[in-house]
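Q: Have a look at this fold, sequence not included:
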């Protein structure tokens, strides 16, 4: 096979995996929204409110609130190359070149600036004073000097960085001259930035005029005496410096107002509500006028068409939702869905550093509405309403109905969104100003729209259907009317199949639908089949056309507008000064690029302010604002209001649930007896109700035919158990998928048990005493067992408590062997009398040993050498990348001919870790195959692990947790509690556990019955009982100490395989046992401590069992004890259940 043929199924598999992952994510998110609609709605409203107020605070410093007395300017970039004889050359965009016919063609350049160029940002700060005093007086210049010192020395970036180094203009940001001083062009340099010299100057206007006439200062506007401009050259070479320069300029622009100087961004601080509204309205009008004056006719036409289409989209939304039966609720919810998405998208792009201006937003909003549109919520609503009409709403589970509808449309919606986001992402990579921000904002907006669709809007749908269901339940005629409606709908559907109604669509509409429809056989009258591909393809075509329109510059809807005029005397003089400084610097051979930014506007505070609205009108609103500021923002009162909101939320949720459940009525199901109805043996009907639903099962004894029952397979609650059995026996329903089809786990188990019983030759299982009810089958499905027919109760006993490492611990043991728990308890008592048990964990590493094949032993040997030397780090990094907890500790490599066996030893946190380590091995082998392409993977598990089989490698190298426990039992306790002597029990241990096991050729079996205690604890704690094969490897040693008076016992267990997460530990009974031991789930601070503690408990418990059994054997009491305590001679054994009914 060729490489392309091999890649094709791989790509298909990857696509299916991603689709499955997306589908599961949408399913889980929508499930949460369906179950908790009120909570999701409130949480969304709170999130949107947070985003709104955050954006409001950001917008207050934007140009929409700023003054409109000046035209918005954009930065101009100029550059000069060595030997810098021609000065600076501006880099001008094509739009400006076309607008300015008098500009020489040589001014336009597309020359690529070298990467080693020195780049500077020239920042301007203009301070104005419109009062009669002007800026040419001592007090004003003294204020500007203080402001200049603040800007240069007290503004640090990055903001909020407390630990790392901060930068100010004078410290790290400025462009330094040869004398190592920062480049600053300011009028205060006439007085050397000295306040005393400034105040000693008796004729300031004359000094400033002489400086301007000398043509060596560029700080003064000669046409006005009311403004002063400060120039700062910021070193912007490198991405980090550019970021710091932008942050510094942003902080300067939004500098907190002082008593003398305030930024134009904050000039309206403190205005009342009416003033804010007036400012916004005024600025919007001026901006629109400015845009219309600058724009071409084609630009205006494009924007106008966009707004017309946006209004048409809104009108279509309300009309379509009204046709589906919702007057305004669903349409409003869809509109809010888009509004919330827009708010969070704008906030997200702002957080990511993208700053779309209000002008761009005003131009982009209509295209955002049209391209993103409301087709997705309309499609979801339509599918939900279709599913809700299959059966009477009063007999439905609304949650299940919505969940089914979402599952049917989720993947198609997600697919369309991914395609649109990919197209927009390509547009976001454009270098065209405005288009990049629009596409980036649209992509994020689309992602938020999908998230809110399956959370916020799904909650609204669930709430609306539940309220509709409650209303129908409260109506006495709901049952009959609903059934009549359903019958009429079925008749209408049958009529539609035979009669084709004339088309209501126009000729143009039908033609476009035919051209863009996926279904070539669809007729124009079939509007349901044609709308979906029509809308989807039309939107995609619009997005692609819009992006292409700007990429190929068919129009300039997002043009940047006028730029800074670098020919102005002030700016030109400053640029000349910068170039002169560069010529005499050490970097003069490098190209110089200067980006000249528009001035940041500041003004001196006016002594009085004017009001737009009379005080008599604004005073009540200001009083309300003051009440809000004093009371609502008060920390204590706000906390009580928050608590009241939470209490109200839960109270309303509770009352809503009560309203749902209290009005349930049972509607009699009437079934018509048909001649071909088959009467099967009646299964004892069990009305099973899931805790999470209100589903009721049909308990009628009438059994309909298989053909009739097939039509009810999508609503299995209308089938009784015998009808489901008939469907399975007829092959219409898979027996292994009953839980998924029926949605009721306990009912599925009951029906499967009946099927198995009737198919067996004994036919006893159906009415047997195997327990069935009141079990968490939802925890079992897909995790622990398949084809479930019940559960097997095992008696659970407890031994101890035993002091293990200073903690009194009860030992849970699930067993059917008599005397086992009692014997272990006796061992615990003896160990406690000696001070308790001490344990240590000597190793912690789960293993997996894949088998690889090579063409010859030379390549096999090369692989072994590579893994053990330079490849060890590469394999380790690949393995560790697959999990947060799995960490590869070592690899043992062995050869058998051309076969290579690699034993990966890995820590796995608190999980037993087989799945985790298998995933890591797959990743490691894929990396290994890149270095050894002729390698063939025989098996991921090559029995070199070794798992669930006796093996010497586990006994020697260890697997899982390697634990050793010990205890010292005083001689009197040995005689009194264990009924033997130290000498006798030590002799028995040597002869039995050591010599006897050696005679048998045992591997790891140098013990009396370690597997007995270990397996009992495994069953109780949710461990894998099959792993007792290697986990029960144990060596028990007993020696006399303290001059032969006392007994020292130890148990060495090198391969205990346990975990406290995953597998059987997810079942509630097993979790209760782990809770009792204090080791449930992952350890909160030190991953792996819980599973290691469980291994310690097991090793100590095995030691207690070993001590007691060996003592009984030494004293000859084993048989006698079993006959006395493990035989019930008073009553005859009877067949019965261990669960009382």
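A: Cool, the structure landed. None of the values given here were measured: they were computed from a predicted structure.

Q: all strands of the stretch 151-300 of the chain, in order?
A: Ranges of strands in the stretch 151-300 of the chain, per DSSP state E, counting those that start in this stretch, are 184-185, 227-235, 261-263.

Q: Any chance of CSV for those strands, columns mean pLDDT and mean neighbour count?
A: For the C-beta atoms, the positions are set from N, CA and C on the backbone; glycine is no exception. Formatted as CSV, those follow (pLDDT from 0 to 100; neighbours: other C-beta atoms under 10 Å):
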stretch, mean pLDDT, mean neighbour count
strand 184-185, 86, 20
strand 227-235, 87, 23
strand 261-263, 77, 19
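
Q: and of those, who's closest to residue 126?
A: Minimum separation from residue 126 across those (C-beta to C-beta) falls at strand 227-235, 4.9 Å.

Q: which helices and strands sit right next to that closest one?
A: Using 3 or more C-beta pairs under 8 Å, 6 or more residues apart in numbering; DSSP states H and E, the elements in contact with strand 227-235 are strand 118-128, helix 138-153, strand 184-185, helix 239-253, helix 569-583.

Q: Which residues are in contact with the closest residue to residue 154 other than its chain neighbours?
A: Distances taken as C-beta to C-beta, 6 or more residues apart in numbering put residue 168 closest to residue 154, at 7.1 Å, once the chain neighbours are dropped. Listed by C-beta atoms under 8 Å, 6 or more residues apart in numbering, the contact set of residue 168 reads 152-157, 248.

Q: of those, buried ones?
A: When the contacts of residue 168 are checked for burial by 16 or more other C-beta atoms under 10 Å, the buried set is 152, 155-157, 248.

Q: Closest to residue 862 out of the residues you listed?
A: Checking the buried ones among the contacts of residue 168 one by one against residue 862 (C-beta to C-beta), the nearest turns out to be residue 157, at 54.7 Å.

Q: Bridged to the closest one, which residues?
A: residue 167 (DSSP bridges).

Q: In JSON lines: the contacts of residue 168, plus distance to residue 710 and pLDDT.
A: Below are these laid out as JSON lines (distance: C-beta to C-beta, whole Å; pLDDT from 0 to 100):
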{"residue": "152", "distance to residue 710": "83", "pLDDT": "87"}
{"residue": "153", "distance to residue 710": "83", "pLDDT": "85"}
{"residue": "154", "distance to residue 710": "80", "pLDDT": "85"}
{"residue": "155", "distance to residue 710": "76", "pLDDT": "86"}
{"residue": "156", "distance to residue 710": "75", "pLDDT": "85"}
{"residue": "157", "distance to residue 710": "71", "pLDDT": "83"}
{"residue": "248", "distance to residue 710": "73", "pLDDT": "86"}
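
Q: Closest one of those residues to residue 1060?
A: Nearest member of the contacts of residue 168 to residue 1060, counting by C-beta to C-beta, is residue 157, at 47.9 Å.

Q: on that earlier part again, could the contacts of residue 168 be laid out in CSV, adding distance to residue 970?
A: Output for the contacts of residue 168, formatted as CSV (distance: C-beta to C-beta, whole Å):
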residue, distance to residue 970
152, 82
153, 79
154, 77
155, 77
156, 71
157, 73
248, 78
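
Q: Give me the below-cutoff pLDDT ranges for the stretch 251-400 of the chain.
A: 258-259, 264-300, 353, 355-364, 371-372 (pLDDT under 70).

Q: related to what we said a few turns ago, could you point out which of the helices and strands packed on strand 227-235 sits nearest residue 198?
A: helix 138-153 (6.0 Å).

Q: Tell me the buried residues in the closest one?
A: Neighbour count says helix 138-153 has 140-141, 143-145, 147-148, 151-152 buried, by 16+ other C-beta under 10 Å.

Q: ok, back up a step: for residue 986, find the nearest of the strands of the stretch 151-300 of the chain.
A: strand 227-235 (83.0 Å).

Q: Next, the angle strand 118-128 makes with that closest one.
A: 160 degrees (axes from the mean of the first three to the mean of the last three C-alpha atoms, to 10 degrees).

Q: Now do strand 227-235 and helix 569-583, the angle between them.
A: Strand 227-235 and helix 569-583 are oriented at 30 degrees to each other (the same axes, to 10 degrees).

Q: And residue 986, how far from residue 1050?
A: 12 Å (C-beta to C-beta, to the nearest Å).

Q: go on, residue 465?
A: Counting by C-beta to C-beta, the separation of residue 465 from residue 1050 is 66 Å.

Q: Please apply the same query to residue 729.
A: Counting by C-beta to C-beta - residue 729 and residue 1050 are separated by 60 Å.

Q: the more surrounded of these two?
A: A direct count of neighbours by other C-beta atoms under 10 Å for residue 729 and residue 1050 places residue 1050 higher, at 19 against 15.

Q: Please confirm that the more buried one is located within a helix.
A: No - counting by DSSP: H, G, I helix; E, B strand; the rest coil, residue 1050 is not part of a helix but strand.

Q: Which pLDDT value belongs to it?
A: For residue 1050, the pLDDT comes out at 96.

Q: and if you look at residue 1079?
A: pLDDT, residue 1079: 94.

Q: can you check residue 114 too?
A: 70.

Q: How about residue 988?
A: 94.

Q: For burial, what's the neighbour tally of it?
A: Residues near residue 988, counting by other C-beta under 10 Å: 19.

Q: which residues are contacting the helix or strand where it lies?
A: Residue 988 belongs to helix 982-989 when assigned by DSSP states H and E. Here helix 982-989 makes contact (C-beta under 8 Å, 6+ apart) with 971, 974, 978, 1036-1040, 1044-1047, 1110-1111, 1113-1115.

Q: among those residues, which ones are buried?
A: Judged by 16+ other C-beta under 10 Å, buried ones among the contacts of helix 982-989: 971, 974, 978, 1036-1038, 1040, 1046-1047, 1110-1111, 1113-1115.

Q: ok, so of those, who is nearest residue 329?
A: Distances from residue 329 to the buried ones among the contacts of helix 982-989, taken by C-beta to C-beta, are shortest for residue 1036, at 73.6 Å.

Q: That closest one should be in a strand, yeah?
A: Yes - per three-state DSSP, residue 1036 lies within a strand segment.
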